[in-house]
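[1] no FASTA, just this:
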């Protein structure tokens, strides 16, 4: 409307009859040699690629889906065969032409880039290429139909002869399918979580994103352990990188006959070793805070890895219970890699933590789902901070734009 530019996508029959037309509220960025393009994805609809400026709503319906605002920002948008929104995502490079699609749904793109760029669209992975110092380089990239595979967010151990809930999530928020085998097998259900059958032994389940075309199945192995539910209420358990050590923290609200806690560490989330203990309170109805610092004195920080931490509670009579496994991502000289925002959803207060203490200033900006700035703060010499939303802010979706002089990370946060 008015003088504002919008992108449109039109579908015509083979003889030119209009089937549908959709408007996407995107202000195209006009750069010589870069155009908005449309590619067919067989039964999955169409892919739209290009660049935009300012704030854009990529959902052509009454819904809203924003990518972080910017100037000449690249995007990939997928609509289903009826023109309905599936996803939009921001790559780090700009494609010079529409993506080519093969018979299997794989996507191919070409363009130019400068400096060092990450070509992996998966936020939990990195694939960097570096251009020559004196100029740009040409790139060719191949993307799977669904490169945003499900990420496991469920506990990896459960009590023997009991059921448990396992869960996973995707960047796109799409529904997942669950199976008993990596191929074929029994279909177990759909959704972001699954209630397992009674676990009589260590069992592996498989989860698949089938929003449009069937993606690969990821495995979730649930290890069964002999345990008896104990009268202790754990409010929270967290682990995060602190300088070149890992800080573990947990809070209990009730304890009955609680002797001690054991902190365990693993490099594969299967085989755990004890690394420390903390004396319990015995009996308590108060909120109690505990912490343990893993100094990592023998760990080689020139290598990147993932460490897993598990909390074990032991009663005076020897009975014990395990709690959720927490992953800590350790990568050399990547301060904002594996940045974590928790709790999320939140009622207002939340924490932001990242790998290393910063040597430069970090800018944290909170915006609403329309890209409107709510507040901006500047942080130095920290790797974990606590923030609080104004009580007058309505419930809904917000975005945290976290920037250093080297990188930018965007996290969605939900206020309940």
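    Yes, it's here. Predicted model, so just to flag it, every value in this text is computed and none were measured.

[2] Where does residue 275 sit: helix, strand or coil?
    Here residue 275 is recorded as strand under DSSP: H, G, I helix; E, B strand; the rest coil.

[3] what's the nearest residue to it if we skip its chain neighbours?
    Once flanking residues are discounted, residue 275 sits nearest to residue 265: 4.9 Å by Cβ to Cβ, 6 or more residues apart in numbering. (Glycine included, C-beta is placed from N, CA and C.)

[4] pLDDT score assigned to residue 214?
    Looking at residue 214, its pLDDT stands at 62.

[5] packing partners for the top strand by length along the chain?
    Of all the elements of type strand in the chain, the one with the most residues (DSSP state E) is strand 245-266. Applying 3 or more Cβ pairs under 8 Å, 6 or more residues apart in numbering; DSSP states H and E, one finds that strand 245-266 makes contact with strand 232-242, strand 273-284, strand 288-294, strand 305-315, strand 320-330.

[6] Now do the third one, average pLDDT.
    The one in question is strand 288-294. Per-residue scores along strand 288-294 average to 94.

[7] Between strand 305-315 and it, find me the angle.
    Angle, strand 288-294 to strand 305-315, by axes from the mean of the first three to the mean of the last three Cα atoms, to 10 degrees: 140 degrees.

[8] picking that back up, could you give the bridge partners of the residue nearest to residue 275?
    residue 273, residue 309 (DSSP bridges).

[9] What is the neighbour count of it?
    Burial measure for residue 265: 19 neighbouring residues, criterion other Cβ atoms under 10 Å.

[10] Run through the residues that contact it.
    By Cβ atoms under 8 Å, 6 or more residues apart in numbering, the contact list for residue 265 reads 272-273, 275, 294, 307-310.

[11] Tell me the most packed of the residues you listed, by neighbour count.
    Neighbour count (other Cβ under 10 Å) singles out residue 309 as the most crowded of those, with 25 neighbours.

[12] how much space is there between that one and residue 157?
    13 Å (Cβ to Cβ, to the nearest Å).

[13] same question, residue 313
    In this structure, residue 313 and residue 157 are 14 Å apart, going by Cβ to Cβ.

[14] quick revisit: what sits in contact with each of residue 309 and residue 157?
    Residues touching both residue 309 and residue 157 (Cβ under 8 Å, 6+ apart): residue 325.

[15] about what we covered before: how about a markdown table for the contacts of residue 265, with distance to residue 196 added?
    Shown next, in a markdown table, are the contacts of residue 265 (distance: Cβ to Cβ, whole Å):
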| residue | distance to residue 196 |
| --- | --- |
| 272 | 21 |
| 273 | 26 |
| 275 | 29 |
| 294 | 31 |
| 307 | 26 |
| 308 | 20 |
| 309 | 23 |
| 310 | 19 |
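
[16] Kindly indicate which of the residues you listed lies nearest residue 137.
    residue 307 (35.3 Å; Cβ to Cβ).

[17] What is the burial count for the residue nearest to that closest one when sequence neighbours are not counted?
    Spatial nearest neighbour of residue 307, excluding adjacent residues (Cβ to Cβ, 6+ apart): residue 328 at 4.9 Å. By the other Cβ under 10 Å criterion, the neighbourhood of residue 328 contains 24 residues.

[18] Look at residue 328 and report its pLDDT.
    What the model reports for residue 328 is a pLDDT of 83.

[19] No more questions from me, cheers.
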